[in-house]
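Engineer: missing the sequence, but the structure's below:
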């Protein structure tokens with residue numbers, strides 16, 4: 001996972017294992033469970049956040065260009081349990097595991113172990 005870099009306001013999430021059985025006792029195949037509109041999983045990695053535009057100083061062309069980008073950090077942190085909209089996410093496979101790349105805007109709720 002150290003080689004992966006999540007870009008911008010996106011979060012890499014691995015789904016939690018869900019109950020294979022409904023409340024009424026029916027067994028659901030994995031494909032049916034994955035079609036739910038809302039899913040939950042643990043945040044594996046996060047991007048740097050929302051990029052802020054740099055002020056343009058065109059009047060000082062003699063100054064060297066600086067490529068320092070500033071970001072507004074995301075609310076999601078590694079290890080959080082996230083409940084997110086599946087329709088806003090992209091499914092990817094990495095080293096045989098299934099993950100979802102989710103924009104911060106598609107995350108509905110975060111659960112964090114530490115006190116707020």
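Structural biologist: That came through, no problem. Source: prediction; values computed, not measured. Residues are numbered from 1 along each chain as shown.
Engineer: Sketch out the strands for this protein, chain order is fine.
Structural biologist: Secondary structure of the chain (DSSP state E): strands at 10-15, 38-46, 50-52, 70-72, 81-85, 90-94, 97-103, 107-111.
Engineer: Show me what the fifth one is packed up against.
Structural biologist: Think strand 81-85. strand 10-15, strand 38-46, strand 97-103, strand 107-111 (3 or more C-beta pairs under 8 Å, 6 or more residues apart in numbering; DSSP states H and E). (C-beta placed from N, C-alpha, C; glycine too.)
Engineer: what's the angle between it and strand 107-111?
Structural biologist: 170 degrees (axes from the mean of the first three to the mean of the last three C-alpha atoms, to 10 degrees).
Engineer: swap in the first one?
Structural biologist: Computed with the same axes, to 10 degrees, the direction of strand 10-15 lies at 70 degrees from that of strand 107-111.
Engineer: where does the protein have low pLDDT?
Structural biologist: 18-35, 55-67, 115-116 (pLDDT under 70).
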